[in-house]
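1. give me the fold of what follows.
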Amino acid sequence: MKIAIIGAGNMGGAIARGVARTAEGTNVIVSNPSAGKLDALKQEFPQIETTTDNCAAVAGADYVFLAVKPWKMEEVIAEIKPVLDYGKQVVVSVAGGVGSEQLDGWLAKEGGALPQLYIVIPNTAIATMCGMTFISGKRTAQQADDHITALFAAMGRAMMVPEELIPAGTSLASCGIAYALQYINASMAGGEELGFTRAQALEIVMQTVRGALSVLEAGGTNPQAEIDRVTTPGGLTLRGLEAMREGGFSKSIIDGLYASIKK
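-> As a prediction, the model looks like this:
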């Protein structure tokens, strides 16, 4: 299988690195207008092919990943569309905020020909093989569904969803990385106020978050059940939780999720 990735930025580069680490036997070629990011990829993974020619990258690829900024998508599609073979090639967009209807408008060839199309929204944790990726397909075959899902599942977790859930998934998992880090940042600040150094507070909070995740994964339960296990009436944990509720902790998180899907 050959994968072409157009764009070597944060997401394109992360996908290329993830595929190189996990998909043995898959040929990867990455194109980018400037050589700097390509050179860094090549140095890290010599097996990755690189080029500054988008059309050359696309030639012979089974899957064509469009990992460019949303405002560059139309221009890039117009450039490579003449060399795309919709009978053999699958197109995958990883540009947030660009829907399948818009992509179809740019991809349509004379006579209305269109490719198998995926919208794929990973989060940045795919770079460390801990990603959460949402996948929505249009006109796709089961074999392609299986390939794309397996590709991203190897970099963490992957979930096929209807396209209308892509914005919510983006909010919960992509924006959610920043929201989780904001909790860690706030806890670090609190740790410093309580007397720890910043480095100590970071170490403590990171290990505590790992511990919370491990408890959930090992027990197969849900967060509220585990909270109930460690709280007792009048206890320290309950007092802390009540103060957080009074401060609007949960509501502010939900408000943030909704705010990040509003247009």
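
2. for this protein, give me the ranges with low pLDDT.
-> Scanning the chain for pLDDT under 70 picks out 263.

3. CA atoms only: put the longest helix anywhere in it into PDB for me.
-> Assignment by DSSP state H gives helix 198-219 as the longest helix of the chain. Extracted C-alpha coordinates of helix 198-219, given in PDB (Å, rounded to 0.1, in the frame of the first residue of the first chain):
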ATOM      1  CA  ARG A 198       6.700  24.100  39.600                       C
ATOM      2  CA  ALA A 199       8.600  21.100  38.500                       C
ATOM      3  CA  GLN A 200       7.400  19.100  41.500                       C
ATOM      4  CA  ALA A 201       3.800  20.200  40.900                       C
ATOM      5  CA  LEU A 202       4.000  19.100  37.200                       C
ATOM      6  CA  GLU A 203       5.400  15.700  38.100                       C
ATOM      7  CA  ILE A 204       2.700  15.200  40.800                       C
ATOM      8  CA  VAL A 205      -0.200  16.200  38.600                       C
ATOM      9  CA  MET A 206       1.000  14.200  35.500                       C
ATOM     10  CA  GLN A 207       1.300  11.100  37.600                       C
ATOM     11  CA  THR A 208      -2.100  11.700  39.200                       C
ATOM     12  CA  VAL A 209      -3.800  12.000  35.800                       C
ATOM     13  CA  ARG A 210      -2.000   8.800  34.700                       C
ATOM     14  CA  GLY A 211      -3.400   7.200  37.900                       C
ATOM     15  CA  ALA A 212      -6.900   8.300  37.200                       C
ATOM     16  CA  LEU A 213      -6.800   6.900  33.700                       C
ATOM     17  CA  SER A 214      -5.300   3.600  34.900                       C
ATOM     18  CA  VAL A 215      -8.100   3.200  37.500                       C
ATOM     19  CA  LEU A 216     -10.800   3.800  34.800                       C
ATOM     20  CA  GLU A 217      -9.100   1.400  32.300                       C
ATOM     21  CA  ALA A 218      -8.400  -1.300  34.900                       C
ATOM     22  CA  GLY A 219     -11.900  -1.200  36.500                       C
END
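
4. name the next helix or strand downstream of it, please.
-> Counting by DSSP states H and E, the next helix or strand C-terminal to helix 198-219 is helix 223-229.

5. just the buried positions in the longest helix of the chain, please.
-> Of all the residues in helix 198-219, those buried under the rule 16 or more other C-beta atoms under 10 Å are 201-202, 205. For the C-beta atoms, the positions are set from N, CA and C on the backbone; glycine is no exception.
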